[in-house]
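Colleague: model the following, please.
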Amino acid sequence: MSKRGSIFSEIGSMDGDGAVREGSKNFTDTLSAFFGRLLGCYRLFLIIYIVFLALAAGSYWVVDPAYVAEATIGPPNPSPIYSMISAQGTAGGAASLARKFLGNGTASGSSNDPFQQYQLLLQSQQLMAELAQKDNLLPLVFYKRWDAKKGAWKPPGLSHRALAFVERALHRPVFDHPSAFELGEYMEHNLSVDTATSSKNGSMASLMTIGSGYLTVSMRAESPGKAEKILTTMLDRADAIIRQQQLADVEARIAYIENELPNIAQTEERSALVDILANQEEIKVMTIADKRFSYLLISKPSASPIPVSPMPPIEAFAMVTALALVLWAGFIVLEYRMPTLRWVMRPFKTVPNRRRQAYSH
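Modeller: The predicted structure follows:
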């Protein structure tokens, strides 16, 4: 007989006081005896099952549901930067001067590509600071610490003050109220940026290749409306930052060219600078007029009314049942491996009448 069969044989042949008696070697009989011992400890299963059910129900009561809003974005088409450095935008010496103004950019992509800058900005502390200061996002995100009636933050609790004392002793910054830094930590755990074709893992994704591919941006929050609002505000603010930076660069170029034009005597160079100036003026108009400058919104932020956590009750019930069964059977096996556990298991066993006297001794 196999080792597995011998184990079941020994388990099935044990009497109430743990002594091994001779019995049938048939595997089917010993397996039935093993399950009989399981049923004999049904009280243990009921206790485990009730405890697990209570813990699961408590988690539904304590843990806030989480909803996910998603939006798909892509590069603007066409990018106004490319019109400046393309062969159609300028030609000859003007194109060369244009590339000089743009930091040696190329039509295939450069550090001046607005969509690349946009992707990097989604993970930056600069964006968190502007979301906190200009969009007043902190009361929405940290609503449990915000007193809406008074329009002010609630005073720090005792636990916060005790932790603040330790933080100061370690020379770490202490914030009595939510800050842009804390907002960044919140985004790190709840914001996900992935390529549109890749699977999402629910955490901050590392952009292995930052380029012009389409992206899916996801935000987790306590309600669908909150998730959608945070994601919409974040996308719009990041675009506004890139737009203002680009506009400042264009205005600086225009001012420089206008200042240099009177000093240019050669007709060819003067004509080239005039062409560049016209292109910069065009870029300025596009930068101001476009609804979205640095990205294209493929699908607007939208959240499902079904929460992603905690799990659906049916799945939780199945998991609790499976865990209770595994733990129940595990105690029976441990009782066989560790005889000292039999004293612990004795109160949970249902003992036949003819063995009760043996258990009492």
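
Colleague: where do the strands sit along the stretch 101-250 of the chain?
Modeller: Listed from the start of the chain, the stretch 101-250 of the chain has strands (DSSP state E, counting those that start in this stretch) covering 146-147, 152-153, 191-195, 215-221.

Colleague: export those to JSON lines and append columns for distance to A71, mean neighbour count and mean pLDDT.
Modeller: (Each C-beta comes from the backbone N, C-alpha and C, glycine too.) Converted to JSON lines, those look like this (distance: least, CB to CB, whole Å; neighbours: other CB atoms under 10 Å; pLDDT from 0 to 100):
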{"stretch": "strand 146-147", "distance to A71": "26", "mean neighbour count": "14", "mean pLDDT": "92"}
{"stretch": "strand 152-153", "distance to A71": "30", "mean neighbour count": "13", "mean pLDDT": "92"}
{"stretch": "strand 191-195", "distance to A71": "11", "mean neighbour count": "18", "mean pLDDT": "89"}
{"stretch": "strand 215-221", "distance to A71": "5", "mean neighbour count": "23", "mean pLDDT": "94"}
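
Colleague: got the angle between the helix or strand containing S302 and strand 215-221?
Modeller: Assessed by DSSP states H and E, S302 sits inside strand 296-303. For strand 296-303 against strand 215-221, the angle by axes from the mean of the first three to the mean of the last three CA atoms, to 10 degrees is 20 degrees.

Colleague: next structured bit after strand 296-303?
Modeller: Where DSSP H and E defines the elements, the next helix or strand beyond strand 296-303 is helix 313-337.

Colleague: who does that next one touch, helix- and strand-wise?
Modeller: For helix 313-337, the elements it packs on are helix 3-12, helix 27-40, helix 42-62, helix 341-345, judged by 3 or more CB pairs under 8 Å, 6 or more residues apart in numbering; DSSP states H and E.

Colleague: try it again with 7 Å
Modeller: Other helices and strands packing on helix 313-337, by 3 or more CB pairs under 7 Å, 6 or more residues apart in numbering; DSSP states H and E, are helix 27-40, helix 42-62, helix 341-345.

Colleague: tally of neighbours for the residue lying closest to P313 once chain neighbours are set aside?
Modeller: Residue nearest to P313 in three dimensions, not counting chain neighbours: Y60, with 7.7 Å by CB to CB, 6 or more residues apart in numbering. Other residues near Y60 come to 12 when the count uses other CB atoms under 10 Å.

Colleague: and Y60, how far is that from A322?
Modeller: From Y60 across to A322, the span is 18 Å (CB to CB, to the nearest Å).

Colleague: now Q244
Modeller: 55 Å.

Colleague: same question, I332
Modeller: 16 Å.

Colleague: so V174 versus P156, what's the distance?
Modeller: Taken as CB to CB, the span from V174 to P156 is 10 Å.

Colleague: likewise for F293?
Modeller: For F293, the distance to P156 - CB to CB - is 40 Å.

Colleague: more crowded one of these two?
Modeller: Legend: neighbour count by other CB under 10 Å for F293 and P156, higher for F293 (23 against 16).

Colleague: sorry, back to before: so between I332 and A322, which is more surrounded?
Modeller: More neighbours surround I332 than the other of I332 and A322, with 18 against 11 (other CB under 10 Å).

Colleague: enumerate every residue touching V68.
Modeller: The neighbourhood of V68, defined by CB atoms under 7 Å, 6 or more residues apart in numbering, consists of S218, M219, R220, A227, A303, V308.

Colleague: can I get those in JSON lines including distance to I254?
Modeller: Shown next, in JSON lines, are the contacts of V68 (distance: CB to CB, whole Å):
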{"residue": "S218", "distance to I254": "39"}
{"residue": "M219", "distance to I254": "38"}
{"residue": "R220", "distance to I254": "43"}
{"residue": "A227", "distance to I254": "41"}
{"residue": "A303", "distance to I254": "43"}
{"residue": "V308", "distance to I254": "49"}
